[in-house]
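S.K.: I'll drop the sequence and a predicted model, then ask my questions.
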Amino acid sequence: MLAPHARADSGDLASTASPHLSVVMVVYMTGPALMESVRHVLAEPRVDEFVVVDNGSSPADAAWLRDLSRRETRVRLLQGLGNIGFARAANLGALAAKGRELVFLNPDAFLTPGAISALRDAARDRPSPCVVGARVFNTDGTEQRGGRRGEITPVTTLLTLSKLSATLPPLRRFEIHREGEPPPPYPVDTPTISGACFYMTGRDFQRLGGFDEGYFLHVEDIDLCWRARQAGGSVLFQPKARIVHVGSTSRESPLVIEWHKGKGLIRYFFKRAHRKRHKALTALLAPLILAAALARPLARQLFHRGARRPAKRLLPVPS
């Protein structure tokens, strides 16, 4: 059920009374990338319904979304919620969606032709609940970090955040990120995929209880992947499903974002620590993980102060 103060706007949905696939997008102060992302979604013929949950937009963007929902019959818009956090907003969007299949997409991520078909194909005949993630690219055509990751633990996280696993050969086995490896020719089981774009059936999403709303921003995708595997399901990386993810488009402070990410990681590690020694290790490393997360935006501010960042452009995605 939608929150009592939520407003859902849509066009005439008679032609999509029983949609097969719904895209769910949570919007919060995204900026110019939002319109480009929406354009790519609506250009995809496989999308039967497009559910947009507005967690908070500028007055101009909010008005644009309302006009869009009146013009486009596939668009359903939920507004008036305030910033309730990504996980809760995404769950509301999934609950409002009528599609039997769901694709969750960031508002600064651009679908490429065939991406949705590739995601759906990968899930065929796989153990349920099944999560399928896309191959994520930067705007310069390089593969983005986070699209395919190994097992995320307190140790691997700390060594990755500190870059020790990338710079010290004896520690490279602890590196989480796999974008430096050659892409596989077919979908492969991967412990963790990116929440920027992934596919699930609505039934599987509900079976897992959706996103854990204890996470406000970030880590909810990591948690979902872990719970799918714990339930005997599968998490897949589909290299043929390509998206471009701009990233860092939110007008929220990078420090605030990394604070939520660090807090989410610590919550996640305590959640899956069933033994006393694992809880003790998490408690010991928690301050270091939070400090390492916050150190990244602080370092960027220090070294790039006064430097003008070049505008990000959407470039062709390599095959």
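M.R.: Arrived safely, thanks for sending.
S.K.: Checking residue 76 next. Helix, strand or coil?
M.R.: Of the three states, residue 76 takes strand under DSSP: H, G, I helix; E, B strand; the rest coil.
S.K.: these two touch, right, it and residue 53?
M.R.: No - between residue 76 and residue 53 there is no contact under C-beta atoms under 8 Å: 9.4 Å. C-beta coordinates here come from the backbone N, C-alpha and C atoms, glycine included.
S.K.: Would you mind telling me which of those two has the busier surroundings?
M.R.: Just comparing residue 76 and residue 53: by other C-beta atoms under 10 Å the higher neighbour count belongs to residue 53, 28 against 24.
S.K.: is that one in a bridge, and if so with what?
M.R.: Beta-bridge pairing for residue 53 (DSSP bridges): residue 26, residue 78.
S.K.: which residues touch it?
M.R.: 24-27, 78, 81, 89-90, 92-93 (C-beta atoms under 8 Å, 6 or more residues apart in numbering).
S.K.: So, low pLDDT: which residues of this structure?
M.R.: Applying pLDDT under 70 to the chain picks out residues 1-17, 248-252, 299-319.
S.K.: in it, which helix has the most residues?
M.R.: helix 276-303 (DSSP state H).
S.K.: Only the buried residues of it, if you could.
M.R.: Within helix 276-303, the residues that qualify as buried are 281-282, 285-286, 289-290, 292-294, 296-297, counting by 16 or more other C-beta atoms under 10 Å.
S.K.: what ranges do the strands span in the chain?
M.R.: 7-10, 21-28, 49-56, 75-79, 101-105, 109-111, 130-137, 148-149, 188-189, 192-193, 197-201, 234-245 (DSSP state E).
S.K.: need those in JSON lines with distance to residue 214, can you?
M.R.: Below are the strands of the chain laid out as JSON lines (distance: least, C-beta to C-beta, whole Å):
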{"stretch": "strand 7-10", "distance to residue 214": "25"}
{"stretch": "strand 21-28", "distance to residue 214": "16"}
{"stretch": "strand 49-56", "distance to residue 214": "17"}
{"stretch": "strand 75-79", "distance to residue 214": "21"}
{"stretch": "strand 101-105", "distance to residue 214": "18"}
{"stretch": "strand 109-111", "distance to residue 214": "24"}
{"stretch": "strand 130-137", "distance to residue 214": "19"}
{"stretch": "strand 148-149", "distance to residue 214": "21"}
{"stretch": "strand 188-189", "distance to residue 214": "27"}
{"stretch": "strand 192-193", "distance to residue 214": "18"}
{"stretch": "strand 197-201", "distance to residue 214": "20"}
{"stretch": "strand 234-245", "distance to residue 214": "20"}
